[in-house]
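**Student:** here is a sequence with its predicted model. Questions after.
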Amino acid sequence: MSKRILSGMQPTAQLHLGNYLGALKNWIGLQDEPGAENFYMVADLHAITVPQEPAHLRQATREIAAAYIAAGIDPHKSTLFVQSAVPAHAEGMWLLSTMAQMGKLERMTQFKDKAGKNAERVGLGLFAYPVLMAADILLYKATHVPVGEDQKQHLELTREIASTFNTRYEGEYLIQPEPMIIGDATRVMSLQDGSKKMSKSDPSEKSRINLVDDTDTIVKKIKKAKTDTEPMGDSLKSIEGRAEVKNLVTIYASLAGISQEEVVQRHAGTQWGPFKDALAEVVVEHLAPITKKMRDLLNEPEEIDRILETGNQRACEVTESTLSEMQDIMGFWRV
Ligand code: AQP
């Protein structure tokens, strides 16, 4: 059976270096896997599980599509679409929600983290998020889903929901997707706190490098990045337990395409000023072409919209076929 790959990001804010190194950069290579069909969505229905300002959501949706294309998602190779423009996602979610157990949803660590002490007051959407994710995946009969560690639990739930559907209706209708753990996916931490992941929703702008940041901003943010008082060590072992230092080494290695050990050895004993200068150079060199392409695309929003429109149509074709198959199987009335 051929591979179908599906993934997406939420337009909650602009994409940052963590989104790029942890996900987007890895999607680019997947487009050339022989026989693989790739779908990449802007997950705006997921974004509204926390309140969004409408004009901001609309703009962020375009910006994320621009970031995908600028980073190398090729609309000739992949289907690039907006989740809310494909009605089957919301409809499929309802059908699947009847097969998702409350107890399992309650155990999702992302829900517990995001709801915090406010679990009684958060919206149903945040609780049901993994069921929408299951619909996203199962409607495309996706075989592989590139996920970070944090999404593995949700993907396991998707597999269980597919299995419940198949058992209840006695057939192998829905495909149980495999997680695709990308070998060199990088977890990038906040520039201000090495124990927290770099995140769109971190209130501190200094904590992250956005893909749209200009050279000056990148240099300033890296200069202000937290380190410690010791200079660079001389081996990876010597920087163990130094979360902020390890994070800067990780970013350097991922963007320069060399090992972390090599980064440490090249800069052994270096003070943080010169190391940060070298790191800023690597970051700017890698991101500048992407940022430029993103800006060019955003100056031509009709081109982005045209690409999305084509992708939305393809996504509708695929999902409507699965949805009507599910509806028939479940016994919905048809003329
Ligand atoms: N710091 C990170 N390091 C590596 N990978 C990361 N991802 C996110 N942050 C890092 C990966 O990016 C993809 C986008 O996921 P998302 O848009 O669904 O949201 P998220 O994972 O919740 O990312 P953010 O940036 O932290 O957004 P907010 O603040 O809105 O929640 C995923 O593949 C994720 O693993």
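**Tutor:** Sure, I can see it.
**Student:** from here on, just use CA atoms for contacts and neighbour counts.
**Tutor:** OK.
**Student:** ok, now how distant is Ala288 from the ligand?
**Tutor:** Ala288 is 20 Å from the ligand, where distance means CA to the nearest ligand atom, to the nearest Å.
**Student:** tell me how many other residues crowd that residue.
**Tutor:** Ala288 has 16 neighbouring residues, counting by other CA atoms under 10 Å.
**Student:** now do the contacts for it.
**Tutor:** 214-215 (CA atoms under 8 Å, 6 or more residues apart in numbering).
**Student:** element containing it?
**Tutor:** Following DSSP states H and E, one finds Ala288 within helix 272-298.
**Student:** return the set of buried residues in that helix.
**Tutor:** Neighbour counts over helix 272-298 (16 or more other CA atoms under 10 Å) mark 272, 275-276, 279-280, 282-284, 287-288, 290-291, 293-295, 297-298 as buried.
**Student:** stretch 32-48 spans what distance, first to last residue?
**Tutor:** Terminal residues of stretch 32-48 lie 32 Å apart, using CA to CA, to the nearest Å.
**Student:** what is the mean pLDDT for that stretch?
**Tutor:** In this model, stretch 32-48 has an average pLDDT of 95.
**Student:** tell me how far it is from the chain's mean position?
**Tutor:** Distance, stretch centre to chain centre, for stretch 32-48: 10 Å (CA atoms, centre = their mean, to the nearest Å).
**Student:** buried ones in it, by neighbour count?
**Tutor:** Neighbour-count burial for stretch 32-48 [16+ other CA under 10 Å]: 36-48.
**Student:** stretch 140-154 now?
**Tutor:** Buried residues in stretch 140-154 (16+ other CA under 10 Å): 140-148, 151-152, 154.
**Student:** what's it in contact with?
**Tutor:** Under CA under 8 Å, 6+ apart, the answer for stretch 140-154 is 3-7, 22-23, 27, 108, 110, 130, 133-134, 137, 174-182, 185, 318-319, 322.
**Student:** do that again at 6 Å, thanks
**Tutor:** For stretch 140-154, the external contacting residues (CA atoms under 6 Å, 6 or more residues apart in numbering) are 3-6, 130, 175, 177-181, 319.
**Student:** please spell out the PyMOL selection for the buried subset of those.
**Tutor:** In PyMOL, this line selects whichever of these come out buried by 16+ other CA under 10 Å:
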select buried, resi 4+5+6+130+175+177+178+179+319
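**Student:** list the contacts of Pro301.
**Tutor:** Counting by CA under 6 Å, 6+ apart, Pro301 has no contacts.
**Student:** go again with 10 Å.
**Tutor:** 62-63, 66 (CA atoms under 10 Å, 6 or more residues apart in numbering).
**Student:** buried stuff in the helix ranked longest in the chain?
**Tutor:** Scanning the chain for the helix with the most residues, using DSSP state H, yields helix 301-330. For helix 301-330, burial by neighbour count (16+ other CA under 10 Å) applies to 304, 307-309, 311-312, 314-316, 319-320, 322-323, 326.
**Student:** how far does it sit from its chain's centre?
**Tutor:** The answer for helix 301-330 is 20 Å, by CA atoms, centre = their mean.
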